[in-house]
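Novice: Sharing a sequence plus its predicted fold:
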2 protein chains.
Amino acid sequence: MTEYQIRIDKIRREMCAAGADACLITTNVNLLYTTGQVLAGYLYIPRQQEHLLFVRRPVGLTGDRVIYVRKPEEITGILDQRGIARPKSIMLEGDVIPHSEWLRYEAVFSGSTVINGTPAIRKARSIKTDFEISLFRQSGILHSGVYRKIPQLFRRGMTDVELSIEIERAMRLAGSYGIFRVFGQSMEIFVGSLLAGDNAAAPSPYDFALGGRGRHPSLPVGADNTVLREGMAVMVDMGGNFTGYMTDMTRTFSVGQLPEHACFAHQTALEIQEAAARMAVPGTVCEDIWQNALDIAARNGLKDCFMGISQQAKFVGHGVGIEINEWPILGARSQTLLEKDMMIAVEPKFVIAGVGAVGIENTFLVTASAGEKITLLDDQIVDLTA
Amino acid sequence: MTEYQIRIDKIRREMCAAGADACLITTNVNLLYTTGQVLAGYLYIPRQQEHLLFVRRPVGLTGDRVIYVRKPEEITGILDQRGIARPKSIMLEGDVIPHSEWLRYEAVFSGSTVINGTPAIRKARSIKTDFEISLFRQSGILHSGVYRKIPQLFRRGMTDVELSIEIERAMRLAGSYGIFRVFGQSMEIFVGSLLAGDNAAAPSPYDFALGGRGRHPSLPVGADNTVLREGMAVMVDMGGNFTGYMTDMTRTFSVGQLPEHACFAHQTALEIQEAAARMAVPGTVCEDIWQNALDIAARNGLKDCFMGISQQAKFVGHGVGIEINEWPILGARSQTLLEKDMMIAVEPKFVIAGVGAVGIENTFLVTASAGEKITLLDDQIVDLTA
């Protein structure tokens, strides 16, 4: 069975569980997941028969199951011609496609019950195939390689934006495709975020772990032109899109020495990460990882600056994949059970007033024994001036 | 009247025309347009009374009309408390928000007729305010400044990806926020595209003017690791997000001299641009600009390579704004009439087999007398080796 048949069958199993006879996939991310490429078209997955790929663009695709169409209204006629029964119920990507597109596909499949397939697809995607895991491993190596070079990119007197630009360039030269895919429309970011000093405490409209005020109200996230000064913590959290799969990785740097209470908070973040990695086995309730993180933060007197100060995130990690924020969520009220081959980012972070953000993020594979770290690089604070 | 009141009133006029009593704005781009900042929340615009801004994040916003809520379900209760009548009909951003969000807001406003407000909002946004025009002028200066430096970034033997990375860095250092906002979910791109040699002819799943195969099926657009060789055309089309508003600008570079037929095609593109600029006055039917462009291409024997070869785009320009693809579309079947203060990109391009893409793109303001060029830089082909 090919990689993409495996993935389509994972979605089929969720279709069965949800009682759907078919699924129509139309968005770039889910087409990439199921076909291995972004295209303009529609993948029709019936429960029993073979899937069909209806393509609008690009010209020139070949394959038994490729059928060119100008518009989705042609799909049902083609199904009829091929003797494929119309589905009694069909899944659409209801948490992603705009309402007007939903109405259009609903009209195409008039007579079918239309149900929201996004939860089923996200569930299927949350458990990675061996090939996907191998892409994460590749990405982890490249991502770590760039982070290792960050001290060489630092120059005294530079701003957070300037350092960020040099890291972005290094990521691109190492092979990153640049774009940062996020599920949902409300979160936007360029390559990633770099937070220096008190900018780490800026409350954000976005639902990232930490915010940063950014340089402009049109993109209020990340670096804000802070000059990097002695005693500041510099947190680098850039998205590693080297393979189509996003490794997620944060390291804390410092300009000179950080005060002892900041170093203590960093060590507490490592303790939280270690506990989360131990818990990253099948059967763990995701909320328990969050609750345990909160407990460790509280026990160390750091609850008030855990995951922010004036605005605190209510999660300590999340699934990663083609998008940065896949399932599961390691956060409050997340009753999902971890399963083997989920890929999760764990990111305990503290904001220390007058210093900046400290903490860590690594991408872990859920295995039978513990979370396996995929972003292989030392977790300690690195002094940029050393 | 403040800038944002002017913009909200533009939307109100479209609400009246569409017979809506209210509009609920919930997406980043439209919140940025109407409030001047990205936030997590809901702008409620009644037809008669003052608007209210319901905010979830960030904490700390102030203002008479700012009301913090945890969820949209609180909105109608607050309207009731304030004696604001429930709307008989309300506009939602139906071409943008996911179907499941539409259902959620529809339930919040149960009893109201819900209509798709995206066309009304896009129409309002298509005509720029004086302040928006000033932001475009700023952006045009910065964008042109980076393009002027491109020959200094070129080194013999480099690939299209490597040159692209240096231009991206120069854009960022000049102040670009990096992210490239596109209307609709089907088009994705990093900072922009650089097309060298025959990669310009690669058919694309995306609906950009030209494609490029990219480096990976997860982002099949733009540079593809082509080594820049003598005789190649190198087309640079990077998005200029320096102010929250995207100027759009393409220049053709060459490695050494291009063959005469490629230079001729470039001059034909300039002729098409000049004709389009002359037509960029209020009252022109957008399709006529497209048809005129096609006619000029045909008259010069270049119809078969206009806007692509195996796959040809059916437009020669488009509105620009917070998003790169705003209204109007200068393309087939676009019956929109140009209006004063629309901001449009005009991009006639030819693909020359064995050479690459030639042509031009500039951003123009529609004025009473002609399109005014905002991206001020010479339009001729620049030899990178000169």
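Specialist: Perfect, I can see it now.
Novice: distance between the ends of stretch A:293-309?
Specialist: Terminal residues of stretch A:293-309 lie 16 Å apart, using C-alpha to C-alpha, to the nearest Å.
Novice: no wait, stretch A:121-139
Specialist: So stretch A:121-139: terminal residues 23 Å apart, C-alpha to C-alpha.
Novice: Repeat that for stretch A:53-70.
Specialist: End-to-end distance for stretch A:53-70: 13 Å, by C-alpha to C-alpha.
Novice: how distant is it from the center of its chain?
Specialist: Mean-position distance between stretch A:53-70 and its chain equals 29 Å (C-alpha atoms, centre = their mean, to the nearest Å).
Novice: Over to stretch A:185-201?
Specialist: Its chain's C-alpha centre and that of stretch A:185-201 lie 15 Å apart, by C-alpha atoms, centre = their mean.
Novice: In this structure A:Phe109 contacts A:Arg86, no?
Specialist: Yes: assessed by C-beta atoms under 8 Å, A:Phe109 is found in contact with A:Arg86 at 7.2 Å. To be clear about C-beta, it is placed using only N, CA and C from the backbone, and glycine gets the same treatment.
Novice: ok, the two, which is more surrounded?
Specialist: Between A:Phe109 and A:Arg86, counted using other C-beta atoms under 10 Å in any protein chain shown, the more crowded position is A:Phe109 (21 against 15).
Novice: The residue in the stretch 251-386 of chain A positioned nearest to chain B: what's it in contact with?
Specialist: Nearest residue of the stretch 251-386 of chain A to chain B: A:Gln311, at 4.9 Å (C-beta to the nearest C-beta). When contacts are counted by C-beta atoms under 8 Å, 6 or more residues apart in numbering or on different chains, A:Gln311 touches A:Pro203, A:Ser204, A:Gly211, B:Arg57, B:Pro58, B:Val59.
Novice: Between A:Phe109 and A:Arg86, which contacts overlap?
Specialist: A:Thr76.
Novice: helices or strands next to the helix or strand where A:Glu168 lies in the packing?
Specialist: If you go by DSSP states H and E, A:Glu168 is part of helix A:160-173. Helix A:160-173 sits against helix A:130-148, helix A:150-153, strand A:192-196, strand A:233-238, helix B:160-173, with contacts defined as 3 or more C-beta pairs under 8 Å, 6 or more residues apart in numbering or on different chains; DSSP states H and E.
Novice: mind putting these in CSV, mean pLDDT included?
Specialist: As requested, the helices and strands packed on helix A:160-173 are exported to CSV (pLDDT from 0 to 100):
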stretch, mean pLDDT
helix A:130-148, 98
helix A:150-153, 98
strand A:192-196, 98
strand A:233-238, 98
helix B:160-173, 98
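Novice: Let me know which of these is the nearest to A:Glu326.
Specialist: Nearest of these to A:Glu326, taken as C-beta to C-beta: helix A:130-148 at 11.0 Å.
Novice: That closest one versus strand A:233-238: what angle between them?
Specialist: Between helix A:130-148 and strand A:233-238, the angle comes out at 150 degrees (axes from the mean of the first three to the mean of the last three C-alpha atoms, to 10 degrees).
Novice: and helix A:130-148, which residues are buried?
Specialist: A:132-133, A:135-147 (16 or more other C-beta atoms under 10 Å in any protein chain shown).
Novice: Those residues of the stretch 101-250 of chain A touching chain B, which are they?
Specialist: Counting by C-beta under 8 Å from any C-beta of the partner chain, the stretch 101-250 of chain A comes close to chain B at A:101-102, A:116, A:118, A:161-162, A:165, A:168-169, A:172-173, A:177-179, A:181, A:185-186, A:188-191, A:202-207, A:211, A:214-220, A:243-244.
Novice: From these, list just the buried residues.
Specialist: Buried among these (16+ other C-beta under 10 Å): A:101-102, A:116, A:118, A:161-162, A:165, A:168-169, A:172, A:177-179, A:181, A:185-186, A:188-191, A:202-207, A:211, A:214-216, A:218-220, A:243-244.
Novice: Just these: which are in helices?
Specialist: Counting by DSSP state H, these place A:Glu101, A:Trp102, A:Thr118, A:Val161, A:Glu162, A:Ile165, A:Glu168, A:Arg169, A:Arg172 in helices.
Novice: Strand partners (parallel or antiparallel) of the helix or strand of chain A with the lowest mean pLDDT?
Specialist: One helix or strand of chain A scores below all others by mean pLDDT, DSSP states H and E: strand A:240-241, with a mean of 94. Strand pairing for strand A:240-241, determined by DSSP bridges: strand A:246-247 (antiparallel).
Novice: Now do stretch A:210-222: distance to the chain's middle.
Specialist: 19 Å.
Novice: Show the contacting residues for the residue nearest to A:Gln138 when sequence neighbours are not counted.
Specialist: Residue nearest to A:Gln138 in three dimensions, not counting chain neighbours: A:Thr243, with 5.4 Å by C-beta to C-beta, 6 or more residues apart in numbering or on different chains. A:Thr243 sits next to A:Leu135, A:Phe136, A:Gln138, A:Ser139, B:His216, B:Ser218 when contact means C-beta under 8 Å, 6+ apart.
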